[in-house]
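In: quick one, what's the 3D model for this:
(one chain, ligands or ions: 1)
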Amino acid sequence: MTTTDKQQNSARLAGKTAVITGGASGMGKSTVLRFLAEGANVVIADFNHETGAGVIAHATELGFAENVLFIPTDVAVESDVEAALNAALETYGRLDIVFNNAGVGGAIGPLTETTTASWDYTMDVVAKGVFLGIKHAAAIMRAQGAGGSIINTASIAALSGDAGPLVYSAAKAAVVSMTKSAAVELAADHIRVNAICPGFIATPLADGGKPERTKESFSRAQPWPEYGQGDHIAGAALFFACDDSIFVTGDALVVDGGLTAAGPELSRKFPHTSGRNSKFAGVTKGSTGEKPELKKL
Ligand SMILES: NC(=O)c1ccc[n+]([C@@H]2O[C@H](COP(=O)([O-])OP(=O)(O)OC[C@H]3O[C@@H](n4cnc5c(N)ncnc54)[C@H](O)[C@@H]3O)[C@@H](O)[C@H]2O)c1
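Out: Below is the predicted model of the structure:
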């Protein structure tokens, strides 16, 4: 076995083909580059031709010209989604991984100002787009008979109020729900379906055209000291894409640097009693009538 053979065999996605929607920017782009480095062939299915061409040029510079393809796609249009998945089959001969990741912030503002048109647009891209990706990936993977991995980008917005705009949050909750239902339905075909719930990730979607300011504020957004990056999501996507997660299906993995773990943030709101800056340590005994046993720090 040559060194190159060994390298190819150790690549976690060697011989696999992936379709990544929203692969022209942000966490999708990071995942395209990670999957290519791990030996996969990758089809980028994205609305934006210009940024798509940029990712293809970058991947070509890295030596992956033969392994990457851009297919202009609107994930809300069923025939586009079918065409993107079929392009993977026709070009690379198989389909193993579909990362339904494309998204927009969609409707914003008070709910009393939210129009049904902005509801429909948001739901079409964020929820229906994922449904279509799951539906057509499942059909192709089932016909192939070799299993597969479907990964959906949800959000921490799916998990609580005030973590994103109302319609976006509802659409992302639908993504988590579809992930679980599809995982159950497709398990017998060895097709795994998992979701990733990113926290604040400094991408063009989140930075409002001010990346440096966003990185600075996102560094302070969660307990983890460094800001969230597309690469952090690419790592989670790689885990779900490769056989390391062979017994994991129906999961919604939170990747947020501890943001949701922080919950009501008692240690910030009541720093004298809770957390690493607490002024006391010991045990309190509630309403038992017994005295607390505390030492001052
Ligand atoms: N950035 C964050 O903080 C954050 C947090 C939680 C979840 N998310 C989700 O992560 C995913 C990726 O977002 P990102 O932050 O990398 O954003 P991004 O804007 O950098 O990339 C999103 C990509 O999706 C594409 N896209 C949008 N609508 C499309 C459509 N109808 N059809 C095909 N492609 C379309 C865009 O062209 C773009 O290339 C989205 O689903 C987003 O909702 C982002």
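In: in stretch 244-263, what's buried?
Out: Neighbour-count burial for stretch 244-263, counted by 16 or more other C-beta atoms under 10 Å, picks out S245, T249, G250, D251, A252, L253, V254, V255, D256, G257, L259, A262. Where you see a C-beta, it was placed from the backbone N, CA and C, and this is true even at glycine.
In: again, but for stretch 89-106
Out: Taking 16+ other C-beta under 10 Å as the criterion, stretch 89-106 shows 89, 92, 95-106 as buried.
In: inside strands: which ones of the buried residues of stretch 244-263?
Out: Among the buried residues of stretch 244-263, DSSP state E puts A252, L253, V254, V255 in strands.
In: any idea how far whatever helix or strand I233 lives in is from the middle of the chain?
Out: Applying DSSP states H and E as the criterion places I233 in helix 230-241. Relative to the chain's own centre, helix 230-241 is displaced by 8 Å; criterion: C-alpha atoms, centre = their mean, to the nearest Å.
In: what residues does it touch?
Out: The contact list for helix 230-241 (C-beta atoms under 8 Å, 6 or more residues apart in numbering) reads 12-13, 16, 18, 26-31, 33-35, 38, 40, 96-97, 99, 101, 149, 151, 153, 192, 194, 196, 198, 201, 203, 245, 248, 251, 253, 255, 257.
In: what do you get for stretch 82-98?
Out: 13, 16-19, 21, 35, 40-41, 43, 45, 69, 71, 73, 133-134, 136-137, 140-141, 144, 146, 148-151, 241.
In: work out the gap between it and the centre of the chain.
Out: Here stretch 82-98 is found 20 Å from its chain centre; the criterion is C-alpha atoms, centre = their mean.
In: and that stretch with the ligand, contact?
Out: No. For a cut-off given as C-beta under 6 Å from any ligand atom, stretch 82-98 has no contacts with the ligand; the smallest distance is 9.0 Å.
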